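Q: Structure for the following, please:
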Amino acid sequence: MREIENRSESFVMAEMETTEASGGKTRKRLLFALNCAMLSVGTGGSPLLLRLYFIHGGARVWLSSWLQTVGWPITVVPLAVAYFRRRSAKGPSAHLVLMDPFLFAASAVIGILTGLVNYLYAYGLARLPVSTSSLLIGTQLAFTAGFALLLVKQRFTSYLINSIFLLTIGAGVLAMHTNSDRPAGESDGAYYAGFFMTLGAAALYGFVLPLLELTYKKAKQAITYSLVLEIQLVMCFFATAFCTVGMLVNKDFQAIPREARNYELGEARYYVVLMWTAIICQFFFLGAVGVIFCASSLFSGIIIAVFLPVTEILAVICFQEKFQAEKGVSLALSLWGFASYFYGELKLAKKEKEARAEQKQVIPPETQMHQFGLP
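A: Sure thing, here's the model as predicted:
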């Protein structure tokens, strides 16, 4: 009888552990959804706000680069909440900072690379329509996939290869018809410089995302969401420091008041545009590192690519940008590429689910009764 009670207790404990695991999965899914939402808002909103700055009289590329990460103090709020939760659970022994020296150094390097990405991207947006820039940034998925294969051994499928091919062709279509959407008064040299700077930003950020995932894998400590937020803070701090040096050399800080007075939308709105640019861009970076934590760098790249067509449509509506036939072809190829990737991922997930189901051994009722010592 005592043996039956012990086995019954073990069974109850197993059920409780299963329930706790289910609750953990639910929390992770909610966290994943939150980060996807932040990444989507940042992907759609940040290029529009950055372009709004330029088309109404803004001309400072380093300032625009700086704005993309200067909102890093926002991260302090959730980090403070996480620390007080740890302190209430562990007492005075709770660590204020979780990051070890290796993660700090890696985050600092990635942050400097991010600052360079910001400059390349801002340079491109200063010279290209948002719709063109977004289509070019869409090629970042191909670069992310390639570097993910090299750095984190991301699995390639025929659907992913097809997606990369279509996105590359879409960028090629744009490259062959660049003159049709060049802003008035802009030289060929400036336009092509913006074109290739934007491609450079896509390539470099396609390297940064898998590099961040590799950092997670190489870390010598457990990667929690609080630690991910610390990594994000350090990255954005060093990216901001990199751009601050550029601003100091270019004397952008002294130029801000003068540029604000001459801004076409008015001085007050100039500062509103700068403020919201910093906030929305921070959503983008928080969402990106969160999605990498919950899923992978490649999935983060996919979300960025998926929302680019939305940005293109909003650019046409808000800024009355031209949407010629070649942009329509490029958009169609991009959407086809995204659909190919998602279809492949759904098939792969279904196959893995079926494989796991086959591996599970269903214990007959008689066996369960025997295990509990019942006749």
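Q: What are the boundaries of the helices in the stretch 51-200 of the chain?
A: 61-67, 76-90, 101-127, 130-137, 140-151, 158-175, 188-218 (DSSP state H, counting those that start in this stretch).
Q: Go through the ones you listed and name the closest to T311.
A: Checking the helices of the stretch 51-200 of the chain against T311 by C-beta to C-beta gives helix 130-137 as the closest, at 4.6 Å. (Glycine included, C-beta is placed from N, CA and C.)
Q: Tell me where the stretch 201-350 of the chain has strands.
A: Under the criterion DSSP state E, counting those that start in this stretch, the stretch 201-350 of the chain carries no strands.
Q: So, low pLDDT: which residues of it?
A: Residues of the stretch 201-350 of the chain that meet the criterion pLDDT under 70 lie in 297, 323.
Q: Show me the residue at the heart of this structure, geometrically.
A: Taking C-alpha atoms, centre = their mean, the centroid of the chain lies closest to A288, which sits 2.4 Å from it.
Q: How about the contacts made by that one?
A: A288 sits next to L39, G42, L209, S300, I304 when contact means C-beta atoms under 8 Å, 6 or more residues apart in numbering.
Q: What is the burial count for the fourth one?
A: For S300, the count of nearby residues is 27 (other C-beta atoms under 10 Å).
Q: again, but for the third one
A: Using other C-beta under 10 Å, L209 has 28 neighbouring residues.
Q: can you tell me how far it sits from K327?
A: The gap separating L209 from K327 is 26 Å, by C-beta to C-beta, to the nearest Å.
Q: same question, L30
A: 37 Å.
Q: Looking only at neighbour counts, state which of these two leads.
A: Set L30 next to K327 and count neighbours by other C-beta under 10 Å: K327 wins out with 24 against 10.
Q: What is the burial count for the closest residue to that one other than its chain neighbours?
A: Distances taken as C-beta to C-beta, 6 or more residues apart in numbering place S131 nearest to K327, at 6.0 Å, with adjacent residues excluded. By other C-beta under 10 Å, the residues close to S131 number 27.
Q: got it, and the one 10 residues further on?
A: Here the number of neighbours of L141 (other C-beta under 10 Å) works out to 29.
Q: Also R87?
A: That count, for R87 with other C-beta under 10 Å as the rule, works out to 14.
Q: any idea how far it lies from G194?
A: Distance from R87 to G194, by C-beta to C-beta: 49 Å.
Q: Now V329: closest residue in space, sequence neighbours ignored.
A: Nearest in space to V329, with sequence neighbours left out and distances taken as C-beta to C-beta, 6+ apart, is V173 at 5.3 Å.
Q: What is the neighbour count of that neighbour?
A: V173 is flanked by 18 other residues according to other C-beta under 10 Å.
Q: The chain should start at 304 in everything you say after this.
A: Okay, using 304 as the starting number, the last item reads as V476.
Q: Does it touch E629 like I think?
A: Yes. The pair V476 / E629 is scored as a contact, 5.3 Å apart, by C-beta atoms under 8 Å.
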